[in-house]
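Asker: Compute the structure for the input listed below.
(chains A and B)
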There are 2 protein chains.
Amino acid sequence: MSSISVTPLSGIETIDIALGERSYPIRIGSGLLRAPESFAGVPRSPLAVIVSNTTVAPLYAQSLRDALRGRHAQVELITLPDGESHKDWAALNLIFDALLARGADRKTILYALGGGVVGDMTGFAAASYMRGVPFVQVPTTLLAQVDSSVGGKTGINHPRGKNMIGAFHQPVCVVVDLETLSTLPMRELRAGLAEVIKYGPIADASFLGWVEANLDALLARDVATLRHAVRRSCEIKAAVVGQDEREAGLRAILNFGHTFGHAIEAGLGYGEWLHGEAVGCGMAMAAETSARLGLLPEGDAERLIRLIDRAGLPVKGPDLGADRYLELMRLDKKAEAGEIKFVLLDAIGHAVLRSVPDATLRQVLASRCT
Amino acid sequence: MSSISVTPLSGIETIDIALGERSYPIRIGSGLLRAPESFAGVPRSPLAVIVSNTTVAPLYAQSLRDALRGRHAQVELITLPDGESHKDWAALNLIFDALLARGADRKTILYALGGGVVGDMTGFAAASYMRGVPFVQVPTTLLAQVDSSVGGKTGINHPRGKNMIGAFHQPVCVVVDLETLSTLPMRELRAGLAEVIKYGPIADASFLGWVEANLDALLARDVATLRHAVRRSCEIKAAVVGQDEREAGLRAILNFGHTFGHAIEAGLGYGEWLHGEAVGCGMAMAAETSARLGLLPEGDAERLIRLIDRAGLPVKGPDLGADRYLELMRLDKKAEAGEIKFVLLDAIGHAVLRSVPDATLRQVLASRCT
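Answerer: You can find the predicted model right below:
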């Protein structure tokens, strides 16, 4: 079912997500959001609505608007408050209100211009507005470019759990403009690297080696190095999603570090830690869990934790108390009948789904919480 | 793509909705919600949650719970406020809050026990909770039994328009218990008849003749007559939905009378008129529009309006002012670039989709508003 083709075309590289009639391209390059040809194939609806936030809109909304002018007679902008703490009903309703006020109909196309929060919310709004309108992802953070903009997961948070309310709704196209990484705050760059680091241990040992060797260039924002990191991450994600769109099985491996990470985010309150920071720490916890269960050599766990640490990401979690961690993790979407399924490693480059005895979890939490 | 089989089996009649891997049965009979075998084929998840409202739950929730006890280890009940005015975010969130509080996971099954509002909201909650869980429709009003429980349209209202936020999400099964019609208030029975009446003019002239001949028995709640009305309505709906699940074309004919009707509901405030009352009046308006455009003989329009009137449904609309009607109708989901597409008749038994000059609409509104 899945096939990947990488087509370098005048500086644009394309990775295809193979999902039958829901297939779509990821286009990667520099300056793409200013270039009308980046959006080739997007339906020429009369009305397009860009959804962005107060941080990103001032930087890039006008450029995107100009690029879309030949494609849509009218291009409107909706600006949301910035941050994970606003990934909720209230902000989602701002999108619906604005769409209705502007007379958006079933053909109207939404463009998500921003990071993971903007992408997830715009995607869920597109999935639900009039029971579904098309949308385009224009991710402007490293995290969104290598992970959240690809694969069609959309949603909002609930006070009791992350991304609890949402839909699978694939974009018609993902346009990754590497230039936007030049304005990304350092803390967000590091958070995005967490998801880049993730792909090696779960699927490609050699990519982990490449990230170790090139971490300094990535942190220095070398464009060619970032381009390779984004492309390889998207290739791995495309291969996984192409085989399991709705997370019946394999796709769950993409959540490596996320069960611990989501508990940290919910436990501290959304927005306290960045998602990528929580995932970085969560991967350290999952690696240690894998080692304690005897699945993974201790040296391999230490190697991964060292890389996370070198990227400037936390490898120790907040002290929420083990009971609270366990309670929050039982609400994870991968849990069934209260039993939590963790994504663990049985080798660098290979993930497995396992339940873990509470006693082991408590040992890991005692060891990895400050 | 579409096929219909009617299998009378120990008093249960089954109509299959043919949608490939999303196919499901509609089961029709008396006493079905008390009978465990009505739910054959529904996955045996450990947790099931019945969603109902303050009117229906006291009448039927215990019987349904008892019927489900052998299938699910735990059966919980969520009771929503009753009425179209509560088909909103706030009530939807009550469902999410309750699901999370009860530890519902991706395998949990929701049962919608109630009328169209409960069915639409439970369906949308099921579509969105953890990005999608299965659900069963147990419609207890005539309107829900012949229309809203079948076909997978789910959603909530927005102050600016009906069902503006929602999803296509098919149930795993629809269980129609005709006994529940014995407790239905007369006003709601009449409202349900609006949707029964609808199927004749759009798809089956002989069914219109049957409804005319049997209207008194329907109003007197004769069970055999109601059973035929429900079955034939579901057969027609199944055939249409089987050909066009996501309303790319044909399915729009099911919205006969709904563009005018939705404007009445939104204009008066949801819940002022019942949905079926607004649709009844909307069909009268659509019939007159068809006649004024020369599509339909005037006598046929009058015949349909007479039947709607005999059913005790309004054939004159509230005086919202023509400008307000036009404004509200431009927000209809079938509108594109501000042009409203009306479902009209070019014969009794055949519907067409047409735009209508504003001048004609104003004539119709002047004639049919008091």
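
Asker: Please, where are all the helices along the stretch 51-200 of chain A?
Answerer: For the stretch 51-200 of chain A, helices defined by DSSP state H, counting those that start in this stretch occupy the ranges A:57-68, A:89-101, A:116-128, A:142-143, A:186-203.

Asker: Run through the residues of chain A sitting next to chain B.
Answerer: Counting by Cβ under 8 Å from any Cβ of the partner chain, chain A comes close to chain B at A:46-47, A:89, A:93, A:96-97, A:100-101, A:103, A:105-107, A:127-132, A:153, A:155, A:158, A:160-161, A:163-168, A:246, A:330-331, A:333, A:335-338. C-betas here are computed from N, CA, C, even on glycine.

Asker: Keep only those of those residues that are in strands.
Answerer: Under the assignment DSSP state E, the residues of chain A next to chain B contribute A:L47, A:K153, A:G155, A:H158, A:G161, A:N163, A:M164, A:I165, A:G166, A:A167, A:F168 to strands.

Asker: Narrow those to just the buried residues.
Answerer: Under a neighbour-count criterion of 16 or more other Cβ atoms under 10 Å in any protein chain shown, the subset of those counted as buried comprises A:L47, A:K153, A:G155, A:H158, A:G161, A:N163, A:M164, A:I165, A:G166, A:A167, A:F168.

Asker: what's the most distant pair in those?
Answerer: Of all pairs drawn from these, the one with the longest distance (Cβ to Cβ) is A:L47 and A:G161, at 34.4 Å.

Asker: re earlier: could you export the buried ones among the ones in strands among the residues of chain A next to chain B to TSV, including columns for pLDDT?
Answerer: As requested, those are arranged in TSV below (pLDDT from 0 to 100):
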residue	pLDDT
A:L47	97
A:K153	97
A:G155	97
A:H158	89
A:G161	81
A:N163	92
A:M164	94
A:I165	97
A:G166	98
A:A167	97
A:F168	96
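
Asker: Surely A:Y60 touches A:S182?
Answerer: No: with contacts defined as Cβ atoms under 8 Å, A:Y60 does not count as touching A:S182, sitting 11.2 Å away.

Asker: neighbour-wise, which of the two wins?
Answerer: Neighbour count, other Cβ atoms under 10 Å in any protein chain shown: between A:Y60 and A:S182, A:Y60 has more, with 21 against 11.

Asker: dump the residue contacts of the more buried one.
Answerer: A:Y60 is in contact with A:L33, A:S52, A:L113, A:T140, A:T180, counting by Cβ atoms under 8 Å, 6 or more residues apart in numbering or on different chains.

Asker: In space, what's closest to the first one - neighbours in sequence excluded?
Answerer: Setting aside the residues directly before and after it, A:L33 is nearest to A:D177 in space (Cβ to Cβ, 6 or more residues apart in numbering or on different chains), at 4.2 Å.

Asker: Next: the third one.
Answerer: Leaving aside its chain neighbours, A:L113 sits nearest to A:S52 (4.2 Å; criterion: Cβ to Cβ, 6+ apart).

Asker: quick one: the residue nearest to the spatial centre of chain A and A:R227, what's the gap?
Answerer: Most central residue of chain A, judged by C-alpha distance to the mean C-alpha position with Cα atoms, centre = their mean, is A:S148 at 2.3 Å. From A:S148 across to A:R227, the span is 19 Å (Cβ to Cβ, to the nearest Å).

Asker: Also A:G276?
Answerer: A:G276 sits at a distance of 19 Å from A:R227 (criterion: Cβ to Cβ).

Asker: The two: who's more crowded?
Answerer: For A:G276 and A:R227, the more surrounded residue by other Cβ under 10 Å is A:G276, and the numbers stand at 31 against 17.

Asker: Before we move on, what's the pLDDT of that one?
Answerer: Looking at A:G276, its pLDDT is 97.

Asker: Was I right to think it contacts A:L189?
Answerer: No: in this structure, A:G276 sits apart from A:L189 without contact. The criterion is Cβ under 8 Å, and the distance is 9.2 Å.

Asker: burial of A:R131, as a residue count?
Answerer: Residues within reach of A:R131, counting by other Cβ under 10 Å, total 23.

Asker: Show me where chain A dips below the pLDDT cut-off.
Answerer: Per-residue confidence for chain A (pLDDT under 70) gives these ranges: A:1-10.

Asker: now the strands: where do they sit in it?
Answerer: Counting by DSSP E, chain A forms strands over residues A:6-9, A:12-17, A:24-29, A:47-53, A:74-80, A:109-114, A:135-139, A:153-158, A:161-168, A:173-177, A:342-347, A:350-354, given from the N-terminal end onward.

Asker: With respect to B:A287, which of those strands lies nearest?
Answerer: strand A:47-53 (32.5 Å).

Asker: Output that closest one as CSV - backbone C-alpha positions only.
Answerer: What follows is strand A:47-53 as a C-alpha-only set of coordinates in CSV (Å, rounded to 0.1, in the frame of the first residue of the first chain):
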residue,chain,number,x,y,z
LEU,A,47,-12.4,31.6,-0.8
ALA,A,48,-9.3,30.5,1.2
VAL,A,49,-8.8,31.1,4.9
ILE,A,50,-5.3,31.1,6.5
VAL,A,51,-5.4,30.1,10.2
SER,A,52,-2.3,31.3,12.1
ASN,A,53,-1.4,32.7,15.5
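
Asker: tell me what that strand is packed against?
Answerer: In terms of contacts (3 or more Cβ pairs under 8 Å, 6 or more residues apart in numbering or on different chains; DSSP states H and E), strand A:47-53 is packed against helix A:57-68, strand A:74-80, helix A:89-101, strand A:109-114, helix A:116-128.

Asker: tilt between the third one and strand B:161-168?
Answerer: This points to helix A:89-101. Orientation note: helix A:89-101 sits at an angle of 120 degrees relative to strand B:161-168 (axes from the mean of the first three to the mean of the last three Cα atoms, to 10 degrees).

Asker: Strand A:153-158 and helix A:89-101, what's the angle between them?
Answerer: Between the axes of helix A:89-101 and strand A:153-158, defined by the same axes, to 10 degrees, the angle is 130 degrees.

Asker: same question, the first one
Answerer: Between the axes of helix A:57-68 and strand A:153-158, defined by the same axes, to 10 degrees, the angle is 150 degrees.

Asker: buried set for helix A:57-68?
Answerer: Going by neighbour count (16+ other Cβ under 10 Å), the buried part of helix A:57-68 is A:A57, A:Y60, A:A61, A:S63, A:L64, A:R65, A:A67, A:L68.

Asker: Does A:L181 touch A:L142 like I think?
Answerer: Yes: with contact taken as Cβ under 8 Å, A:L181 and A:L142 are classed as touching, separated by 6.0 Å.

Asker: Need the residues touching each of these two.
Answerer: Counting by Cβ under 8 Å, 6+ apart, the residues touching both A:L181 and A:L142 are A:L189, A:L226.

Asker: I'm done for today, thanks for sticking with me.
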